[in-house]
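Colleague: this one's sequence-less:
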């Protein structure tokens, strides 16, 4: 594409693609089937510096810029969306929260190891709000002298179990859900903090997702990330960049769906010719290609805004999310359709792509509807 | 036709199917999806109810259900589990060729067996013959009073558990138009083997396999219809089966919508309000409901046409394509509305979404339906 990526960005894109194809590709089926955290591959990715892209040099990062990070997430997800999720949850949520809101001590304590991939981060925000017993399971933090004591349950924590440090959101003012939430840095070994179970999901297997129980977890006030009751601000600050990272994942997966469909449509013969010669198939392939192209331009544009610190990136991120979610799902559904009965087999990559893409689309449901954010912004209402 | 307009007889069948599905199918659907095991227990109960073959004529002791009734039962079973309905549906699909072209004594034994719990599977597709069904290469050679069959079929629903196979094979290779014939093959005949079993994205309670035929000898009486009529029989069968697949998609979509409705009523958003109070969600649900109701009306209309023996080929193709497209859309929307919970296997909608996708592919892809629809439209 002719979008003006700098030479450095092109190099990163190419290097990551080569890394993914050389080291990750052959393990993707196993990662999907076993659902286990791919420790070795994560280590190799970290060696390539893929966990350090967003962060300042003084804390072990390489400050490669947000667009380079987006390109990386896209390329990794094109090969293995689960590894993409591991990186996104680690970088865009856990480490970025520390980077933006942590004290100097907290940054020094966690960021170097997180940039090196030695400590994996997880973001424990979600709760099972549709549970009839939800009232009792909400995570609440009560101040006791110099400590906070946390109790409750967190649901759908990605990277859970594999993570060494968790950014846990808890209500410090239980009466005020919106303004009474705070973030805490909690290490996996902290007494009372435990993984209750692994949550099975449709796809993104390999990025383990768990339920966490906090039972009288006592942490020092110095474990508070940002100020008390600043939790929602942290979430809202990270959200646009998280959305863009998810969109990069979605587009990476969609790109793979397109490539696989092209290959199959060229070699599968029905009625005496390759099915790619039929307008029915051409419509699907053409739409996939056009949508991915447009989505990518919008994504890179928004990523550049983040990099340059331009204010409108927030609304642009929601626009990207709105568009990319629709076309990402359509692309993967159509890729299976192009493959016919073969596409429905678990042995065919396209069936996994649908399972994975639905995750990058659906899991951001904790945030506002992108339509709302866009409309409110552009109308000023 | 909405439920309110159904006859008392149809309402009774609907209730019987619903009660059964909620009691016996729904509770085990997730487990069947995880294990991929054939639902033998459910199957036995269905047989005990006399629904082992819903379309078996009354003269053979069958229930002889009309199209509306088959559709209602199918909706209810599919609501509980699309995989189970796919498994159970193979006895309906496979029976059309026997009804269309089976000799009386063949029909008699076949339906008696199915009603006693035997399973039939429809084997048309081959590795090189999907949408292009006429490209089959399985052969049937007539030797004396027998046919000898050779070839490989794939994506055969029920292939690994079937007692009877409906096999389409080439009898007249030189006659491009009439090269195929249709046969009833007992699965225990020497030379019939089950090849690879598909590990599928969804409908995992149904069994999908390759069927390999090597010098399989069958008596000539097992020829269904006349020699050379195979392609026509296959098309007629799919024509008749389309309203059933369509009904199945309606059941699946209804489940996804109901799950999403229930969820948004309970799910509290960041502002402390139920998601159901959010207009974005309300409109999404309204859209899902509109699409589903529109599709349901077309599907039931098609069943009525079929029961009244009014030509329904185009309507059936429309009903199949529309309802299966809607089922996928509604299931995808349900997962999205339910967010990370919908994506988890703690919910059922992720399974409905995986299950739904095959309906756009099997029994004639939705591209083939569009060929049928436009062909019918442009003919007049």
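Modeller: Thanks, I have the structure now. Everything numeric in this text was worked out from a predicted model, so none of it was measured.
Colleague: For stretch A:36-49, give me every contacting residue.
Modeller: Applying Cβ atoms under 8 Å, 6 or more residues apart in numbering or on different chains, the external contacts of stretch A:36-49 come out as A:15-16, A:19, A:23-24, A:27, A:31, A:51-52, A:62, A:64, A:76, A:80, A:82-83, A:86-87, A:116-118, A:120, A:159, A:161-162, A:206-208. Where you see a C-beta, it was placed from the backbone N, CA and C, and this is true even at glycine.
Colleague: which of those residues count as buried?
Modeller: Members of these that pass the buried threshold by neighbour count (16 or more other Cβ atoms under 10 Å in any protein chain shown) are listed as A:16, A:19, A:23-24, A:27, A:31, A:51-52, A:62, A:64, A:76, A:80, A:82-83, A:86-87, A:116-117, A:120, A:159, A:161-162, A:206-208.
Colleague: Could you report the neighbour count for the closest residue to chain A within chain B?
Modeller: In chain B, the residue that lies nearest chain A is residue B:339 (2.4 Å; Cβ to the nearest Cβ). Other residues near residue B:339 come to 24 when the count uses other Cβ atoms under 10 Å in any protein chain shown.
Colleague: Secondary structure element holding it?
Modeller: Using DSSP states H and E, residue B:339 maps to helix B:313-343.
Colleague: so what pLDDT did residue B:270 get?
Modeller: What the model reports for residue B:270 is a pLDDT of 69.
Colleague: okay, the nearest residue in space to residue B:178 that is not next to it in sequence: pLDDT?
Modeller: Counting by Cβ to Cβ, 6 or more residues apart in numbering or on different chains, the nearest residue to residue B:178 once its immediate chain neighbours are dropped is residue B:228, at 3.4 Å. Residue B:228 carries a pLDDT value of 96.
Colleague: and residue B:228, which of the three is it?
Modeller: With DSSP: H, G, I helix; E, B strand; the rest coil as the basis, residue B:228 sits in coil.
Colleague: would residue B:155 count as being in a strand?
Modeller: Yes - applying three-state DSSP, one finds residue B:155 inside a strand.
Colleague: Spit out the contact partners of it.
Modeller: So, once contact is read as Cβ under 8 Å, 6+ apart, residue B:155 ends up touching A:341, B:125, B:198, B:208, B:362.
Colleague: which element is the spatially most central residue of chain A on?
Modeller: By Cα atoms, centre = their mean, chain A has its centre lying nearest to residue A:88, at 3.8 Å. Assessed by DSSP H and E, residue A:88 sits inside helix A:81-88.
Colleague: Return the distance of whatever helix or strand comes next after that helix from the chain's centre.
Modeller: The helix or strand immediately downstream of helix A:81-88 is helix A:96-101, counting by DSSP H and E. Offset of helix A:96-101 from its chain centre (Cα atoms, centre = their mean, to the nearest Å): 16 Å.
Colleague: Contacts for helix A:96-101, please.
Modeller: The contact list for helix A:96-101 (Cβ under 8 Å, 6+ apart) reads A:54-56, A:59, A:106-107, A:110-111, A:114, A:121, A:123, A:167, A:183, A:185, A:225-226, A:230, A:234, A:237-238, A:241.
Colleague: The stretch 101-250 of chain A against chain B: which residues are in contact?
Modeller: Remark: the part of the stretch 101-250 of chain A in contact with chain B comprises A:126, A:128-130, A:132, A:134, A:155-156, A:177-178, A:199-202, A:209, A:232, using Cβ under 8 Å from any Cβ of the partner chain.
Colleague: thinking again about what came up before, shouldn't the residue nearest to residue B:178 be in contact with residue B:176?
Modeller: No - judged on Cβ atoms under 8 Å, residue B:228 makes no contact with residue B:176 at a distance of 11.0 Å.
Colleague: What strand or helix carries the residue of chain B most remote from its centre?
Modeller: In chain B, the residue that sits farthest from the middle, by Cα atoms, centre = their mean, is residue B:271; the gap is 43.9 Å. Following DSSP H and E, one finds residue B:271 outside all helices and strands.
Colleague: secondary structure class for the nearest residue to it once chain neighbours are set aside?
Modeller: Distance criterion Cβ to Cβ, 6+ apart; nearest residue to residue B:271, sequence neighbours excluded, is residue A:178 at 6.6 Å. When classified by three-state DSSP, residue A:178 comes out as coil.
Colleague: Same question for residue A:166.
Modeller: Criterion first, three-state DSSP; result for residue A:166: strand.
Colleague: Return the distance of it relative to chain B.
Modeller: To chain B, residue A:166 is 17 Å away according to Cβ to the nearest Cβ, to the nearest Å.
Colleague: how about that residue, what does it touch?
Modeller: With Cβ under 8 Å, 6+ apart, residue A:166 has these contacts: A:94, A:121-124, A:157, A:160, A:185-188, A:193, A:212.
Colleague: Pick out whichever of these sits closest to residue B:252.
Modeller: residue A:157 (30.6 Å; Cβ to Cβ).
Colleague: just to revisit the earlier point, export the contacts of residue B:155 as JSON lines, with columns for distance to residue B:253 and neighbour count.
Modeller: Compiled in JSON lines, the contacts of residue B:155 are given as follows (distance: Cβ to Cβ, whole Å; neighbours: other Cβ atoms under 10 Å in any protein chain shown):
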{"residue": "A:341", "distance to residue B:253": "22", "neighbour count": "21"}
{"residue": "B:125", "distance to residue B:253": "25", "neighbour count": "20"}
{"residue": "B:198", "distance to residue B:253": "24", "neighbour count": "25"}
{"residue": "B:208", "distance to residue B:253": "22", "neighbour count": "28"}
{"residue": "B:362", "distance to residue B:253": "17", "neighbour count": "20"}
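Colleague: out of these, which are inside helices?
Modeller: Counting by DSSP state H, the part of the contacts of residue B:155 found in helices is residue A:341.
Colleague: Closest one of the contacts of residue B:155 to residue A:347?
Modeller: Of all the contacts of residue B:155, residue A:347 sits closest to residue B:198, with 8.4 Å by Cβ to Cβ.
Colleague: roughly how far apart are that closest one and residue B:39?
Modeller: Here residue B:198 is placed at a distance of 17 Å from residue B:39 (Cβ to Cβ, to the nearest Å).
Colleague: now swap in residue B:318 and tell me
Modeller: Distance of residue B:318 to residue B:39, given as Cβ to Cβ: 31 Å.
Colleague: Could you do residue B:82 as well?
Modeller: 12 Å.
Colleague: Same question for residue B:297.
Modeller: 30 Å.
Colleague: do residue B:57 as well
Modeller: 26 Å.
Colleague: Which of the two has more residues huddled nearby?
Modeller: For residue B:57 versus residue B:39, neighbours defined as other Cβ under 10 Å are more numerous around residue B:39 (23 against 14).
Colleague: In the chain, what residue spans correspond to strands?
Modeller: This is for chain A. With DSSP state E as the criterion, chain A has strands at A:121-124, A:140-144, A:147-158, A:165-171, A:181-187, A:193-198, A:209-220, A:224-225, A:269-270, A:273-274.
Colleague: if you could check chain B rather than the one you did, that'd help
Modeller: Using DSSP E, strands in chain B cover B:120-123, B:139-143, B:146-157, B:164-170, B:180-186, B:192-197, B:208-219, B:223-224.
Colleague: what distance separates the third one from the centre of its chain?
Modeller: In this view, strand B:146-157 has its centroid 20 Å away from the chain centroid, taken as Cα atoms, centre = their mean.
Colleague: The fourth one too?
Modeller: Going by Cα atoms, centre = their mean, the spacing between the C-alpha centre of strand B:164-170 and its chain's C-alpha centre is 18 Å.
Colleague: now that strand against strand B:192-197, angle please.
Modeller: Orientation note: strand B:164-170 sits at an angle of 90 degrees relative to strand B:192-197 (axes from the mean of the first three to the mean of the last three Cα atoms, to 10 degrees).
Colleague: Strand B:164-170 - contacts with which helices or strands?
Modeller: helix B:82-101, helix B:104-115, strand B:120-123, strand B:139-143, strand B:146-157, strand B:180-186, strand B:208-219, helix B:230-266 (3 or more Cβ pairs under 8 Å, 6 or more residues apart in numbering or on different chains; DSSP states H and E).
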